[in-house]
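Predicted model and sequence follow; I will ask about them next.
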Amino acid sequence: MIGHLPAEPSAREFGDYLYAQGIGNRIEPARDGTWELWVEAEDQIATATVLLKEYQGNAGDPKYQQSVRIARQKREQEQQANEAAQKRFFDRRKLFPFGGAGLLTGILIAISVTTSLVSSFGEHEKPILWMFISERIIEGGVVERLKDLPEIRHGEVWRLFTPIFIHFGIPHILFNMLWLLDLGTMIERRQSTRVLAALVLVIAALSNFGQYLWQGPDFGGMSGVVYGLIGYIWLRGKFDPASGLFLHSSTVTMAVIWFVLCLAGVFPYVANAAHGVGFAGGIVWGYVSALLAVRKR
């Protein structure tokens, strides 16, 4: 705040004069009936203070009346520029297929839907056996499974990733795709498709392998990746607001509650290990990448 003026018309006139000079400002009513003058940029306070003293000493100078017209024209030009920028942003969004989804997000959704249709939502596994992490059921625990995975050992590396496209039932794919649509598109638009691709590949491999070690190869779904994206966006946005990523705390809370309910067995046949590993991986990635980004600035 640089000072007060006794009446609103004079305060607005001087505010327009500052705005015409390139000094962002605002006026606010004070409790004593006067009007406070605020300057937005700290490095412009001294200049604005000098201009205020000049105005108070000669408020009738015609240049102040002319500044009202100049300020109006400047605001109109800025509004037109903002509208043009919004149109360009809208046009850029139209480049994304699937109703505004990010490019990679749309491709992931399309593959998931196609896989579900081919397999009748998981009821007929024969056409998609090549997408499971393994076709071999191993008796034993984690150690035995860790020594197995013959298909991957013989070069079928894609099996580490393709289980994310397998879904069992309409609700399963519907909820996963809705989450993926929002989270994936957010990352693509505010960061890049390359970032999303790296996240999906790494989180898919980690969560699928974790689920396999926990319960074997009979699983599928995008939920491990979804939990990873939730963790990533949550931590990246929390510690690096400039990234443009943000998740409301209630969204994170809901995801955690769902995870706990599934872990407790309220909802059977859920890939809990994939959820946990994906969520943990996303949190670590989001936190580390946020610290690195802030440090670079």
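In hand now; what should we look at? This is a predicted model, so every value here is computed, not measured.

Would you map the strands across the protein?
Applying DSSP state E to the chain gives strands spanning 3-5, 25-29, 35-39.

For A59, which of these is the nearest?
strand 3-5 (8.8 Å; C-beta to C-beta). C-beta coordinates here come from the backbone N, C-alpha and C atoms, glycine included.

Touching that closest one from outside, list them.
Residues from elsewhere that reach strand 3-5, judged by C-beta atoms under 8 Å, 6 or more residues apart in numbering: A11, F14, A30, T34, W35, E36, L37, T49, L52, Q56.

And for stretch 40-55?
2-3, 14, 17-18, 21, 23-26, 37, 39, 64.

possible to save these as CSV with distance to L201?
Shown next, in CSV, are the contacts of stretch 40-55 (distance: C-beta to C-beta, whole Å):
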residue, distance to L201
I2, 54
G3, 59
F14, 58
Y17, 57
L18, 53
Q21, 53
I23, 50
G24, 45
N25, 50
R26, 48
L37, 55
V39, 49
Y64, 62
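
could you dump the contacts of strand 3-5 to JSON lines with pLDDT, neighbour count and distance to L178?
Formatted as JSON lines, the contacts of strand 3-5 follow (pLDDT from 0 to 100; neighbours: other C-beta atoms under 10 Å; distance: C-beta to C-beta, whole Å):
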{"residue": "A11", "pLDDT": "95", "neighbour count": "20", "distance to L178": "50"}
{"residue": "F14", "pLDDT": "95", "neighbour count": "25", "distance to L178": "52"}
{"residue": "A30", "pLDDT": "89", "neighbour count": "12", "distance to L178": "50"}
{"residue": "T34", "pLDDT": "94", "neighbour count": "15", "distance to L178": "53"}
{"residue": "W35", "pLDDT": "94", "neighbour count": "20", "distance to L178": "50"}
{"residue": "E36", "pLDDT": "94", "neighbour count": "16", "distance to L178": "47"}
{"residue": "L37", "pLDDT": "94", "neighbour count": "22", "distance to L178": "49"}
{"residue": "T49", "pLDDT": "95", "neighbour count": "14", "distance to L178": "54"}
{"residue": "L52", "pLDDT": "95", "neighbour count": "19", "distance to L178": "54"}
{"residue": "Q56", "pLDDT": "94", "neighbour count": "14", "distance to L178": "59"}
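
so of those residues, which ones are in helices?
A11, F14, T49, L52, Q56 (DSSP state H).

Quickly note the distance from the second one to Q56.
To tie it back to what came earlier, the one meant is F14. F14 sits 9 Å away from Q56, going by C-beta to C-beta, to the nearest Å.

Max pairwise distance over the ones in helices among the contacts of strand 3-5: which two?
Across the ones in helices among the contacts of strand 3-5, the longest distance by C-beta to C-beta is 15.1 Å; it joins A11 and T49.

Verify the stated contact: L206 with G281.
Yes. Using C-beta atoms under 8 Å, L206 is in contact with G281, at 5.1 Å.

so what sits against both of those two?
G228.

L213 and F219, how far apart?
Relative to F219, L213 is positioned 11 Å away (criterion: C-beta to C-beta).

Which of these two has more residues huddled nearby?
Neighbour count, other C-beta atoms under 10 Å: between L213 and F219, F219 has more, with 23 against 17.

Please list all residues in contact with the more buried one.
I133, P163, I166, N208, Q211, Y212, A271, A274.

and what of A101?
I109, L181, G184, T185.

ok, now with 7 Å
I109, L181, T185 (C-beta atoms under 7 Å, 6 or more residues apart in numbering).

Q215 too?
Residues near Q215 by C-beta under 7 Å, 6+ apart: A273.

Having no further points to raise, I will conclude here.
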